[in-house]
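**Student:** Whatever this is, show me its structure:
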Amino acid sequence: MSIPKKTILSQEVVSKMLNYAMDKAKELDIQICVAILDDGGNLAGYIKMDGAQLIPSQLAQNKAYTAVGFGIPTADWYPIIKDTPSLLHGLVHADRMTIFGGGCPIYIEEQLVGGIGVSGGTADQDAECAQAALLAIEELEMSTP
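**Tutor:** Residues are numbered from 1 along each chain as shown. So this is what the prediction gives:
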């Protein structure tokens, strides 16, 4: 009996993702914090750009945690819960839950392998930086035979 191979988020890919997010932030002229978590919610990579504020550090980690915990982008949460008062007022009190843009799940070969969180700009800018980082995954999948 063979054990199925688990897809993981390699440190090489994590480093590339951090750089892609920072490159996009420089293009947008913002300073961000970027956190990447593995599928167990463990910090796999983190960077705080020079000039980034203190609070975005924790927000980036919470966005990544929410994204990997549910497998959907953090920006998708508000539209899902806005018309259900019990969810709107209750879910946001869950530890580390974040419902604004900047957090994305990381999938490799359709397997959830982690989450990325970006904070420091507007929610839209943070999401743009997270999406830029996900290009590293697309490059990895295109280069894999």
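
**Student:** Name the residue closest to the centre of this protein, please.
**Tutor:** residue 116 (1.8 Å; C-alpha atoms, centre = their mean).

**Student:** After the helix or strand where that residue lies, heading C-terminal, what element do we hit next?
**Tutor:** Secondary structure from DSSP states H and E places residue 116 in strand 111-119. Note on strand 111-119: by DSSP H and E, the next helix or strand toward the C-terminus is helix 123-143.

**Student:** still on that earlier bit, render the CA-only coordinates of the strand holding residue 116 in PDB, please.
**Tutor:** Taking C-alpha atoms only, strand 111-119 is exported to PDB below (Å, rounded to 0.1, in the frame of the first residue of the first chain):
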ATOM      1  CA  GLN A 111      -4.800  21.100  -2.900                       C
ATOM      2  CA  LEU A 112      -5.000  23.700  -0.200                       C
ATOM      3  CA  VAL A 113      -1.400  24.100   0.900                       C
ATOM      4  CA  GLY A 114      -1.500  27.500   2.800                       C
ATOM      5  CA  GLY A 115      -2.700  31.000   2.900                       C
ATOM      6  CA  ILE A 116      -1.200  34.500   2.300                       C
ATOM      7  CA  GLY A 117      -2.200  37.600   4.000                       C
ATOM      8  CA  VAL A 118      -1.200  41.200   3.100                       C
ATOM      9  CA  SER A 119      -1.800  44.300   5.100                       C
END
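
**Student:** which secondary structure elements does that strand contact?
**Tutor:** Contacts defined by 3 or more C-beta pairs under 8 Å, 6 or more residues apart in numbering; DSSP states H and E place strand 111-119 against helix 11-28, strand 33-38, helix 55-70, strand 103-108, helix 123-143. Using the backbone N, CA and C atoms, a C-beta is placed for each residue, glycine as well.
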